[in-house]
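[1] Starting from these lines, generate the structure:
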Amino acid sequence: MITVAKAVISDSNKVLLVKRSAKAKFFPGLWDFPGGKQELGETSDQSVVREAKEETNLAVVPEDKFSEFDYTEKGEKIHFFVFKIKNYSGKVKLSHEHTDFNWIDLKDLDKFEIAPVVKMFFKLKN
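    Next up is the predicted model:
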C-alpha cells in the first residue's frame, strides 16, 4: 500500500490545485492537491510539509487532518491523508511533476478535470 499526504491550501474561497504532468504514473494531466508519497520514517504531517515544499515551493503549516480514505488506482491501494492548510508562506513555483497551478474558486471546480482524491474530498466535505 502507498501512503500519500495531500494539502488543501486555501485562501479565502479558493483552493490551490496543481496540474499533474501528462507523464505522471497516477492521474496524468489531472488537477490535484499538492502532496505525495510518505517516506519511510515520516509522519503524515511531516510528509505533507515536505511534499508541499517540493511541489509548490510553499512552506505550509498543517492545521487539521481533514480526512483519510483508501482508493485503488491501477491495482495499487493508496491510503490518503488530506490536511487543511491556511497558514503558508512563499510564492508558488512548480516542480517538474506539474505543468500548471491555479487558485480555484470552489464553485468552479466542475470546470476542471480533477483527480479522484479531489472529487472524493469534496464529496466527503459537502
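
[2] where along this protein do the helices fall?
    With helices called from DSSP state H, the chain shows them at 44-56, 116-125.

[3] which strands and helices sit next to the shortest one?
    So that's helix 116-125. strand 2-11, strand 31-32, strand 59-73, strand 76-89 (3 or more C-beta pairs under 8 Å, 6 or more residues apart in numbering; DSSP states H and E). C-beta coordinates here come from the backbone N, C-alpha and C atoms, glycine included.

[4] Let me know the angle separating it from strand 76-89.
    On the basis of axes from the mean of the first three to the mean of the last three C-alpha atoms, to 10 degrees, helix 116-125 is oriented at 70 degrees to strand 76-89.

[5] Send me helix 116-125 as PDB with only the CA atoms.
    In PDB, the C-alpha atoms belonging to helix 116-125 read as follows (Å, rounded to 0.1, in the frame of the first residue of the first chain):
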ATOM      1  CA  PRO A 116     -10.300  11.300  -7.800                       C
ATOM      2  CA  VAL A 117      -8.800  12.400  -4.500                       C
ATOM      3  CA  VAL A 118     -10.200  15.900  -5.000                       C
ATOM      4  CA  LYS A 119     -13.600  14.600  -6.000                       C
ATOM      5  CA  MET A 120     -13.700  12.300  -3.000                       C
ATOM      6  CA  PHE A 121     -12.600  15.000  -0.700                       C
ATOM      7  CA  PHE A 122     -15.300  17.400  -1.700                       C
ATOM      8  CA  LYS A 123     -18.000  14.700  -1.600                       C
ATOM      9  CA  LEU A 124     -16.900  13.900   2.000                       C
ATOM     10  CA  LYS A 125     -17.000  17.600   2.900                       C
END
